[in-house]
Each structure stands twice: as C-alpha cells, then as structure tokens.
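> Kindly generate the corresponding structure for this input.
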Amino acid sequence: MPVKPPRGGGTHVDVPDSLHRAADADISLHGHPGRTGVDVNFASHHLLPRAESSSDATLDAIPPAAAVVVRALAEGIRPPATQPSLDNYVTNARAILPQVNSEGLRVISRRTYADLVNGDLVPVAVDPATGLYRARRPSELLPSGPVMLRDVHSGLWYAREVVEPTTREQIRKYLPDTTDEDADAFIARFDDKDVAELELKHIQLGLAQLDSTRFDLPISRGRISSDKELHEARNIWATFRQLYRWQGQPEQRVYRDGRHVGFKLEIDLTIWPVQKPLSLKFSSVISLTLRGHGRLDPDVFCAQFPNLESLTITSQAIEVEGRFQGWNVIERAYSKFRLDSRFAEQLKRFPRLQRLHLQDCELTSDFSVRGLARLNELWLCNTFEAPVNSLDMQMRHQEQVTFLQVAADIRGMTELRVLDLSRTGIHLLPSGLEAIDVASTLEVLKLGGNPLSTSPSLEHMTALQELDLSNTRLQRFPEGITDRIPARELNLADNHIRSIPESVELRAGFNLIGNPIMDPASLRRLIRARVETGTDIWLGQESSDVTADLWLRNVPQEQIAEKQALWDRHNAAMPLAVTGILRRLSRTPEFHVERPLLQRRVWWFLEMYDSAEVNERARLDAILYTETSPGRMLDRLENEIRNYDGGRQSQPLHPLPKRPRFE
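Predicted coordinates for the structure are as follows:
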C-alpha cells in the first residue's frame, strides 16, 4: 500500500540566492543609483510580504498604507513612451572590452558598449530614426531599449527619463539668423530636444564642409554653356547652403495644415556645380525636383535627403553644337535622367516618400517601382521613348515596353491615391490595379495614350474622382460607371466607341470627343447633355467641304443663287472667316441627326449677320472668335441677335429635341 505524504507541510526546494533579489534591496532607476520609483514614487515594497517562512505568513495580514508622492513635471516635458527596463540589457562583459573611446563608449567586434553611472555595462546602438544611442540586446539588429544619454561631467551614460521639447532659443544657439517660422519648421521635424541637439551639431560641422567644397560648373562635350547658366549654378549653390541651415525664400516653403514643415528644392543637374557628391544631409528638403542628367552617385545623393516626401524627375532643355549641310549650327536637345534598378532601390529607402513623379526619363529594363508601398501618388509620364543615342528604334521600343510591363506593378500599394501612367507605351493594365485593397483607395487614374484595348473595371473603385482612358483603343465603355463613379471626370476621347449604353447617365465632366458615335439615339442624348451641362461631351470630325454646298442640302433650286451670293460675301481664304468658323458646326451631333434644322439656323444667322449694324456685328464677332464650343457658339449668336432686336419676328423656332425612348 502506497505511503501517503504528510499533511500540513510542503515540499522543500533549495533555490540559490543569486536567482532572487532581496526583498528590501534598493531598486535604482535607469542610470540613477539610490533613487526608487519614478516621478510618481510608489513604495511598492511595502505592499508585498517579506520573504518569511510559510508558517509565519498569513492571508489576513494587512500591509501598511502605500506612500504616494506626486511630482509636477516642467511644462513641455513629457515622460518617454513605454519602454522595457534597462536591467534587461545589462551585460557583464567588461573584462574583455577595450578602454573607453572619445565618445565614452567601448567598441569591440563592431559592437558598442556604454558604462552606466551605477557601474553596470550595457550594449548600445544608434537608432537610425533619431541618431541617438539606445540600449540593445545582443540578438537585436535594431536597438529597442531606452534612449541613452551621456553625462557631460562624469562621461558615464544613463537612461533618459523625460523627453524635453525643442525650443527656438536652442536652434538660435547654432543658427542665429533663423526666423521664427523657419525655427518652427525645424521643430516640427525635430521636436525632441536631444534629437534636435544632435542635428544642430551635424549642421554646424557640415557648414565647414560646404565652405571648403569646390564650386565647378560641369562641361559636357558639345554642350554650349552661357553666362546665364553660370549665374544659375551659383544660385543653386547659394540655395543649397541656405536650405542646409533651414533657411529659404518664401516661395520655397512647404506648408501642411497651415504650418511650415520644410522646403522644396529644384536642381538643374546639367549645371550641377559640385564634382564630388556631398556626404551631408539636407533634412529641411521635403520636396525635390531634378532636371536633366548629371553626375550622381545614387547611394550618396539619395542619402542627402532623408526626409523627402515628394520627388520629381524630368528632362531639361539644353543647347548643343550640331552640323547642317556643312554648317555649324546650334540645336535644341533634351537632357534626360537615367533611372536603373540601382536608383530604384534607393527610392525604397525614403521612409516618408509619398509622391513620385517621373516624366521624360530614360528608364532601363530593370527599373521597377515594386515595393514602394507607401506612395500616395505615382506618375510615370512620357517614359516610353527610348534614349536617342543607344540601340536602334525597334530594339529601343521593345526594351521600353518590357520595362513598363514590369514596372507598372502596384500590388500592395494600398495607400495609392493617384496613378498616372499616361503615354508610357504599356499594352497591359498595371498588375494589382483591380485588387480591392488597391482599387478602393484610388482617386485619380490616368492611363491615356496607351494601346490597351481593354479597360479596368470600376467595380471596386468606390473613391474614384477622375478616370482618363483617352486614346487607348477602347471599343466600349468601362464596366462599373455609375452616377457617382467617377465623381468628377471621365475622359474617353479618341477611342473607337460607337454608342453610349443607356445605363450610363451623361453628365458634366464626361469627354467622348473623337469617338465614331453614329447611333441616332446616342447623338440625341448628346444634344440634350450639351444643353443641360453647357459643354460639348462629344464632337466628331470636321467636314472637309469648305464651300456653301455643305449647307445647301435639299435647298430649293430657286434659293441657291441667293444663298451662294450671301455665302460669298462672307467667305475668305483666312481661317477666321465667318464661313470657316461656321464649318465647325459639322462636328456637332445636330449635324448628323438634325441637319435640316441646323442648316436653317446657319442661313438665318448669316442673313442677320449680313444686315447687322456695326456695333451689333462687333458683338457677334466677339462670340465667333472666342467661343470654343460650336453648338454653344450658335446658341449664343442667336440669343445675341434676339436680345439686340426683340422686335424681329423672323427667327425660326428651334425646339429642343426630345429625348429618345428606348424599348
């Protein structure tokens, strides 16, 4: 029979003392020996029973009341975000470490250690987001511990307890000429006093490098430089120095929600005045425009703008030497920036990049925007033209199309609001465009000027405001168009659409100009839409007939001579002749479905114009020469004539055509 264990006792286990901290030991704060608690001091060791035998401890024991001391923090000072205890990072590797260096740190095998004021030793590493040292576990790639600061007197390190705000006075210690507005922009970016102090010291050191950098205007073979360009290069350099100090002109300031948050910088790389890239960071620049091609190291150059939010790269017009029939001539050319996979990788290192605008660039086959998931706006315009000085035409086109089919991959770009791939030569829709998480956030989609032949579905594009599918070889309307999608603009101009679905309600912002719409029902709907919206949603091809025969269809024989004479009196070879302007009416839907009525209106206007007084004719001419809509032009001319002489009774009635009924 098994022996029962004794009652009223417990199993005894020997535990080494080193695994426990004494119950009454003084627990110090990070870097401050002898202090217990935090700014609200709570004597927690009084709430717990002391380590006694189990026979002495009772469940009914009432501990003494807790002592609470509340300390007020100075205004603007805030405690740091919740962070792990520094005790979790302390190490005992002091015996194998070298002596302290000039920064008060010990470095061995690329690992850095800091001596604490309480005698402990902790591994540290630089936080890439702030530049400050933080405690680090040996297994961590990026530090996760408390921010570490060095005591200026002892040279030892301690954990930061409070975060103090940056002030204008702190900035002016380093940059005395800084205005309040520029100082506030600096504070908006560096509101942490310790981070700001580190940045200001970097600026102070960098100014010396700027002063010693050699100014040199680049000289390219065949490129014609002028005094104007030399002056512009000096201005670029002066602007560079200003922005490095967080100072700039009013037109360079960038505002967000009414606050000045940084500056924009525009650089003409064809006259970039520095031979070697600068190893400085221009933290004030948040919007950068690069024009033309220049001598750049992508790794170094992109590292100069850590806070970039908007990047635009486009071409730059230059003058070059040329030959024509044996003569030296000056030709106008375009210098284009070349983007490859190496530059694309650098784009991913901009943590704040939200807007990328690439226009008229040389894009290699390995360039891709895949992975730029934080973008709000992506513009790739006029990028299908290959470099002029490489490959033959067929091969260049093939290389460029291959690139664009790869580069238009927007999968995972869930924050994308604007996508513009106009005139890029793509044959396929961008990968990931119709994914719900991408499509539901798009507000502007522009794919015009590409041989797509197919259109994206708008089913999930519930936030879409503008859609441009002009000149994309479409034969029908996209699926998913409603009275709210797209909300502002639908551009389907210059396609092969022949009719308008009854389910599509025509409204202001639609553009169907250049489509071969010949369906009578659709044309009558277009007439009604023009009257209701005041805009031409559709216009066809203008007739090539420049004679009066254009308006003499089915006219009685006895009236032809009179009308021909009237026509000849106002006909001329110049394009702005009255008869030439009236020929634009052949583009209207009325010309195709209400031609007899339109013809009668044309001859009535010519009769009134022929007999008009000088002042009246001047007003009519003003309408003829300024109104861009042919249909609205004729409406305005008729209204002007009626208003000028309300007693005339010879005006024809031009009733508004009825909307066709569909079975």
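> Please count neighbours and contacts with C-alpha atoms only from this point.
Noted.
> Please state the offset of stretch 248-263 from the chain centre?
16 Å (Cα atoms, centre = their mean, to the nearest Å).
> Show me what counts as buried in it.
Within stretch 248-263, the residues scored as buried using 16 or more other Cα atoms under 10 Å are 248, 252-254, 260-263.
> Using PDB, write down the CA coordinates of it.
Extracted in PDB, the C-alpha atoms of stretch 248-263 (Å, rounded to 0.1, in the frame of the first residue of the first chain):
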ATOM      1  CA  GLY A 248      14.900  79.600 -47.500                       C
ATOM      2  CA  GLN A 249      12.800  82.000 -49.600                       C
ATOM      3  CA  PRO A 250       9.100  82.300 -49.100                       C
ATOM      4  CA  GLU A 251       8.400  80.500 -52.400                       C
ATOM      5  CA  GLN A 252      10.400  77.500 -51.300                       C
ATOM      6  CA  ARG A 253       8.500  76.900 -48.200                       C
ATOM      7  CA  VAL A 254       6.100  73.900 -47.900                       C
ATOM      8  CA  TYR A 255       3.100  74.100 -45.700                       C
ATOM      9  CA  ARG A 256       0.800  71.400 -44.300                       C
ATOM     10  CA  ASP A 257      -2.400  72.300 -42.400                       C
ATOM     11  CA  GLY A 258      -1.200  75.900 -42.300                       C
ATOM     12  CA  ARG A 259       2.200  75.000 -40.700                       C
ATOM     13  CA  HIS A 260       5.600  75.500 -42.400                       C
ATOM     14  CA  VAL A 261       7.100  72.000 -42.400                       C
ATOM     15  CA  GLY A 262      10.100  72.200 -44.800                       C
ATOM     16  CA  PHE A 263      11.400  73.400 -48.100                       C
END
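> Tell me how the chain divides into domains.
With domains defined by automatic domain parsing, the chain comprises 187-476, 548-644.
> rank those by pLDDT, which is bottom?
Least confident of the domains of the chain, judged by mean pLDDT, is domain 187-476 with a mean of 81.
> returning to that earlier point: export the domains of the chain to JSON lines and tack on distance to Pro176?
Supplementary listing: those in JSON lines, determined by distance: least, Cα to Cα, whole Å:
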{"stretch": "domain 187-476", "distance to Pro176": "10"}
{"stretch": "domain 548-644", "distance to Pro176": "56"}
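> which stretch among the ones you listed comes nearest Lys173?
Each of those was scored for nearness to Lys173 using Cα to Cα, and the closest is domain 187-476 (9.1 Å).
> what about the closest one, distance to the chain center?
The answer for domain 187-476 is 10 Å, by Cα atoms, centre = their mean.
> Any idea how far apart the tips of it sit?
Chord length of domain 187-476, first to last residue, is 54 Å (Cα to Cα, to the nearest Å).
> Likewise for stretch 268-281?
End-to-end distance (Cα to Cα), stretch 268-281: 19 Å.
> Also stretch 136-151?
By Cα to Cα, the extent of stretch 136-151 from end to end equals 19 Å.
> could we number from 42 for the rest of this?
Okay, using 42 as the starting number, the last item reads as stretch 177-192.
> quick one on the thing from earlier: most neighbours per residue, which of the domains of the chain?
Comparing those by mean neighbour count (mean count of other Cα atoms under 10 Å), domain 228-517 ranks first with a mean of 18.
> ok, residues contacting the helix or strand harbouring Val643?
Secondary-structure assignment from DSSP states H and E places Val643 in helix 636-651. With contact meaning Cα atoms under 8 Å, 6 or more residues apart in numbering, helix 636-651 is reached by 592-594, 604, 607-608, 623, 631-632, 658, 661, 678-679, 682, 692-693, 695.
> from the residues you listed, which ones fall inside strands?
Among the contacts of helix 636-651, no member falls in strands (criterion: DSSP state E).
> What about these, which are in helices?
Using DSSP state H, the members of the contacts of helix 636-651 that fall in helices are 604, 607-608, 623, 631-632, 658, 661, 678-679, 682.
> Please convert these to JSON lines, extending it with distance to Thr588.
Below are the ones in helices among the contacts of helix 636-651 laid out as JSON lines (distance: Cα to Cα, whole Å):
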{"residue": "Lys604", "distance to Thr588": "12"}
{"residue": "Leu607", "distance to Thr588": "12"}
{"residue": "Trp608", "distance to Thr588": "9"}
{"residue": "Leu623", "distance to Thr588": "11"}
{"residue": "Glu631", "distance to Thr588": "19"}
{"residue": "Phe632", "distance to Thr588": "16"}
{"residue": "Arg658", "distance to Thr588": "23"}
{"residue": "Leu661", "distance to Thr588": "22"}
{"residue": "Leu678", "distance to Thr588": "22"}
{"residue": "Glu679", "distance to Thr588": "23"}
{"residue": "Ile682", "distance to Thr588": "25"}
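> I'd like to know which of the residues you listed is nearest to Leu246.
Of all the ones in helices among the contacts of helix 636-651, Leu246 sits closest to Leu661, with 70.1 Å by Cα to Cα.
> from what I can see the closest one touches Glu681, true?
Yes - between Leu661 and Glu681 there is a contact under Cα atoms under 8 Å: 7.3 Å.
> And the strands in the stretch 492-641 of the chain, which stretches?
Per DSSP state E, counting those that start in this stretch, the stretch 492-641 of the chain carries strands over the ranges 507-509, 530-532, 551-552.
> Throw the buried residues of stretch 289-304 into CSV and include distance to Arg464 and secondary structure, thanks.
CSV is the format used below for the buried residues of stretch 289-304 (distance: Cα to Cα, whole Å; DSSP: H, G, I helix; E, B strand; the rest coil):
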residue, distance to Arg464, secondary structure
Gly289, 36, coil
Gln293, 30, helix
Arg294, 32, strand
Val295, 30, strand
His301, 35, strand
Val302, 34, strand
Gly303, 32, strand
Phe304, 31, strand
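> What is the nearest of these to Lys487?
Taking Cα to Cα as the measure, Lys487 sits nearest to Val295 out of these, at 26.2 Å.
> Now do Ala344 against Glu403, distance only.
In terms of Cα to Cα, Ala344 sits 22 Å off from Glu403.
> Then Leu251?
According to Cα to Cα, Leu251 and Glu403 sit 31 Å apart.
> mind listing the helices for the stretch 142-291 of the chain?
Taking DSSP state H, counting those that start in this stretch, the helices of the stretch 142-291 of the chain run over residues 209-215, 221-230, 234-253, 268-285.
> Lys389 is nearest to which of those helices?
The closest of the helices of the stretch 142-291 of the chain to Lys389 is helix 221-230. By Cα to Cα, the value is 20.6 Å.
> In the closest one, which of the residues would be classed as buried?
Buried residues in helix 221-230 (16+ other Cα under 10 Å): 223-228.
> from the middle of its chain, how far away would it be?
23 Å.
> other SSEs contacting it?
Applying 3 or more Cα pairs under 8 Å, 6 or more residues apart in numbering; DSSP states H and E, one finds that helix 221-230 makes contact with helix 209-215, strand 300-309.
> The same query, at a cut-off of 6 Å, please.
Here helix 221-230 is seen to pack against strand 300-309 when contacts are counted using 3 or more Cα pairs under 6 Å, 6 or more residues apart in numbering; DSSP states H and E.
> quick one: the strand it packs on to helix 268-285, angle?
Angle, strand 300-309 to helix 268-285, by axes from the mean of the first three to the mean of the last three Cα atoms, to 10 degrees: 150 degrees.
> Touching strand 300-309 from outside, list them.
Residues outside strand 300-309 that contact it (Cα atoms under 6 Å, 6 or more residues apart in numbering): 226, 293-296, 325-332.
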